[in-house]
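predicted structure and sequence below. I'll ask about it afterward.
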Amino acid sequence: MSEDTSVPKTNATKGETPSPVASSDEKNLVVSFIQFLRHKVSTNQCSDDQAEGLEVAVQCLESAFGLTDANYAFQPSKPLLDIFVAAEGLPTGETALPEPTEAEVALANKLKEEGNAHMKASEFDAAINKYNEAIKLNRDPAYFFCFVVHWRNSRAAAYCRLEQYDLAIQDCRTALALDPRYSKAYGRMGLALSCQNRYEQAVDAYKKALELDPNQESYKNNLKIAQEKVKEMENAARHAFGAGAAAGAGGFPFGGGMPNMAEVLNNPAMMQMATQLMSDPNIQNMMTQMMSGLMGNAGGAEGGASGISNLLQAGQQVCALAQQMQAANPELVEQLRTHFGASNQQNGEDPGNNPPSSQQ
């Protein structure tokens, strides 16, 4: 199967309302997992720092899946860990995964070829199912790891086609953990990162791919595109911060100044619009990346080149988020911009209220 380095395209409609977050079965699964985490804490199987991290994880899971106290009425017939061990654990008395047989390896290769055929036919879900079956036959990377690396990279390609970029990136990372010199995984990861507007990370991935395969033209072309995007975002960030400083507005993307947040929070229509916007998984992903970057850079934000770099990176993330929001819901963003602009005019921030120029 030839290496496909084109930008993925799907029939998904941007900005369409996502399906419900979780079914009853999915909520019960999450409840079971939370019970597993809390059991680890209550039986003192983790340090204080780990316990604190697990509590944060529990809160995030409850929020993400909409869990309430009533959901904890569910009690699994067996602890989740016992269910997992019975389904996926080692045979009794074994301490390591068994080595795949020649027949299993042959079957896995056959499944991979079937997956490749589905990819060529743009049947991406079917392709992923075939790659999953192939990988399951060779779970221990200590054996035949070269096959597993190729299978994971192929599955990453299918994930990209379905716009499931986080799963694609994870498969690329796993492939690279097994074979750090596998250039195709770096190239595939660069594509997935670019599709998430994570261009700086994409540049790093393409550079590593070129170090391993310097003659691959697609890596050179994609690296150039990613570098241009980084420059565009840096320039946009500088312009946004500069314009904000000149207007005394901080470069807020929805108007000439910061909105009256109390007014926004008390306006049901605005809250409904904001909820609709933030329900978009792409927007959620961008927000997570932006907040993670800001929190990770907080320790190095004191002055000097490091502080400037952090500010530029934050500006890039804000611009990327604004672009993603505009692409996902242009009408909604325009309504927000109109509302904030009207609010700013009422607060005396309209350009017409500025003192006249000294020039006559």
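Alright, I've got the coordinates.

okay, CA-based contacts and neighbour counts for the rest of this
OK.

tell me which element the closest residue to Cys46 other than its chain neighbours falls in.
Nearest in space to Cys46, with sequence neighbours left out and distances taken as CA to CA, 6 or more residues apart in numbering, is Lys40 at 6.6 Å. Counting by DSSP states H and E, the element that carries Lys40 is helix 24-42.

which positions within that helix qualify as buried?
For helix 24-42, burial by neighbour count (16 or more other CA atoms under 10 Å) applies to Lys27, Asn28, Val30, Val31, Ser32, Phe33, Ile34, Gln35, Leu37, Arg38, Val41.

ok, and what's touching it?
Outside helix 24-42, the residues within contact range by CA atoms under 8 Å, 6 or more residues apart in numbering are 46, 51, 54, 58, 61, 65, 67, 71-72, 74-76, 79-81.

one more time with 6 Å, if that's ok
Ala51, Leu80 (CA atoms under 6 Å, 6 or more residues apart in numbering).

mind exporting the C-alpha coordinates of it to CSV?
Extracted in CSV, the C-alpha atoms of helix 24-42 (Å, rounded to 0.1, in the frame of the first residue of the first chain):
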residue,chain,number,x,y,z
SER,A,24,-26.7,4.4,29.6
ASP,A,25,-24.3,1.5,29.0
GLU,A,26,-21.4,4.0,28.5
LYS,A,27,-22.3,5.8,31.6
ASN,A,28,-22.4,2.6,33.5
LEU,A,29,-18.9,1.7,32.2
VAL,A,30,-17.6,5.1,33.3
VAL,A,31,-19.1,4.6,36.7
SER,A,32,-17.4,1.2,37.0
PHE,A,33,-14.1,2.8,36.1
ILE,A,34,-14.6,5.6,38.6
GLN,A,35,-15.3,3.0,41.2
PHE,A,36,-12.0,1.3,40.3
LEU,A,37,-10.2,4.6,40.7
ARG,A,38,-11.8,5.3,44.1
HIS,A,39,-11.0,1.8,45.3
LYS,A,40,-7.3,2.5,44.5
VAL,A,41,-7.5,5.7,46.7
SER,A,42,-9.6,4.3,49.5
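
follow-up on the earlier one: tabulate the buried residues of helix 24-42 (JSON lines), appending distance to Asn132 and pLDDT.
Below are those laid out as JSON lines (distance: CA to CA, whole Å; pLDDT from 0 to 100):
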{"residue": "Lys27", "distance to Asn132": "24", "pLDDT": "95"}
{"residue": "Asn28", "distance to Asn132": "25", "pLDDT": "95"}
{"residue": "Val30", "distance to Asn132": "23", "pLDDT": "95"}
{"residue": "Val31", "distance to Asn132": "26", "pLDDT": "95"}
{"residue": "Ser32", "distance to Asn132": "25", "pLDDT": "95"}
{"residue": "Phe33", "distance to Asn132": "23", "pLDDT": "95"}
{"residue": "Ile34", "distance to Asn132": "26", "pLDDT": "95"}
{"residue": "Gln35", "distance to Asn132": "28", "pLDDT": "94"}
{"residue": "Leu37", "distance to Asn132": "27", "pLDDT": "94"}
{"residue": "Arg38", "distance to Asn132": "31", "pLDDT": "93"}
{"residue": "Val41", "distance to Asn132": "33", "pLDDT": "92"}
